[in-house]
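Participant: Here's a sequence, model it:
(3 chains)
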Amino acid sequence: MPELPEVETIKRELMQQLVDKKITAVVVNNAKVIKQPSRSVFIKTVKGSTIKRIIRKGKLLIFGLSNGKFLTVHLRMTGQFVYPGDGIKSRVSFRLSNNRLLDYKDQRLLGELRVVKNFNNIPFVKELGPEPFDLTASKFESMLTNRKTKIKPLLMDQKFIAGIGNLYAAEVLFRARISPLRSALSLSKKEKRNLFNEIIKTLKEAIRCRGSSMDQYIQLSGKPGSYVKHHKVYDKKGKPCIVCNTAIKRISLAGRGTYFCPKCQK
DNA sequence: AATGGGACCTGCGCGC
DNA sequence: TGCGCGCAGGTCCCAT
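Facilitator: Alright, predicted model coming up:
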């Protein structure tokens, strides 16, 4: 669910609400989401530390703790943070110095919480591609040269570029009028620049709207993000294209549901 | 290097 | 109404 705009939204809220709060207790209701280290060491390390800063790397959230360790959280499909929480349906709850709860919820239990010494050593971070906002159009262009793979799965490849998932890949390609089936190699210079500009514009707009609440994503406060109403193709199978009225198509590409306008996107 | 499949999980909506 | 099936925004791992 959560892609760069959603994770960035949560990061900003966590910064506003939680910096300099001490974690006084940790309750683990389901240890499946604790990937590293053991449940007991995890609790022991986090408990008693103060949250000093919040970092985002792609879709990964990182809490910098006062003891020098880092709590990293990947929300995967259905992870959520809720603050202040009530502990209900929470997989892990953090009690803070103001006596409020920060709840980590995760319906499908696919999320990952870790405590590490150095987050740069996590394989996911090590191999993570550049942040979109750190790129320029010409860098992006050169990244695409000689890539034979299809453009949509490539945009979703976190090693290629950080933060773009299935939803924003679809939206960005629609806005750039490029078919998800095209090979990266086949894009003209103009198309590459255009695609880059649409990536930046779309992600910024989505952050301004505080993300897209489809099914599971919510802001820290529990409120939905409003970018959904700007979606042009995602989850719109059979609906008319806003530009040409052609029915939006859904195909399966690299195992993922892929929405596009067969007429506008060439 | 690229592609395809399955695995990890739970719960929802659809068609029969 | 009840049940089985396919599907879900992410990532990793294996095989070809």
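
Participant: show me the contacts for the closest residue to A:E3 other than its chain neighbours.
Facilitator: Excluding its sequence neighbours, the residue lying closest to A:E3 (CB to CB, 6 or more residues apart in numbering) is A:G165, at 3.9 Å. Where you see a C-beta, it was placed from the backbone N, CA and C, and this is true even at glycine. When contacts are counted by CB atoms under 8 Å, 6 or more residues apart in numbering, A:G165 is found next to A:3-4, A:59, A:156.

Participant: Are any of those buried, and if so which?
Facilitator: A:3-4, A:59, A:156 (16 or more other CB atoms under 10 Å).

Participant: Which ones among those lie within helices?
Facilitator: The helices, defined by DSSP state H, take in A:4, A:156 from the buried ones among the contacts of A:G165.

Participant: Relative to DNA strand B, which of the buried ones among the contacts of A:G165 is nearest.
Facilitator: The closest of those to DNA strand B turns out to be A:M156 (CB to the nearest atom of the strand; 11.2 Å).

Participant: still on that earlier bit, local confidence estimate at the residue nearest to A:E3?
Facilitator: A:G165 carries a pLDDT score of 94 in this model.

Participant: next one: A:E171
Facilitator: 94.

Participant: can you give me the helices in chain A?
Facilitator: Counting by DSSP H, the helices of chain A are A:4-18, A:39-46, A:123-126, A:137-144, A:151-156, A:166-175, A:189-208.

Participant: contacts with DNA strand C among the buried ones among the contacts of A:G165, please.
Facilitator: A:3, A:59, A:156 (CB under 7 Å from any atom of the strand).

Participant: Reformat those residues as a markdown table; add pLDDT.
Facilitator: Shown next, in a markdown table, are those (pLDDT from 0 to 100):
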| residue | pLDDT |
| --- | --- |
| A:E3 | 94 |
| A:K59 | 96 |
| A:M156 | 95 |
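
Participant: what's the neighbour count on the nearest residue to A:T149 once chain neighbours are set aside?
Facilitator: Nearest residue to A:T149 in three dimensions, chain neighbours excluded: A:A184, at 6.1 Å (CB to CB, 6+ apart). Using other CB atoms under 10 Å, A:A184 is surrounded by 21 other residues.

Participant: Quick one: residues contacting A:N118.
Facilitator: Contact analysis of A:N118 by CB under 8 Å, 6+ apart lists A:F70.

Participant: Quick check: the gap between it and A:E127.
Facilitator: Separation of A:N118 from A:E127 (CB to CB, to the nearest Å): 15 Å.

Participant: try A:S212
Facilitator: Taken as CB to CB, the span from A:S212 to A:E127 is 26 Å.

Participant: Neighbour count: the two, which is higher?
Facilitator: Neighbour count, other CB under 10 Å: between A:S212 and A:E127, A:S212 has more, with 26 against 9.

Participant: what bridges to that one?
Facilitator: On the basis of DSSP bridges, A:S212 is bridged to A:S226.
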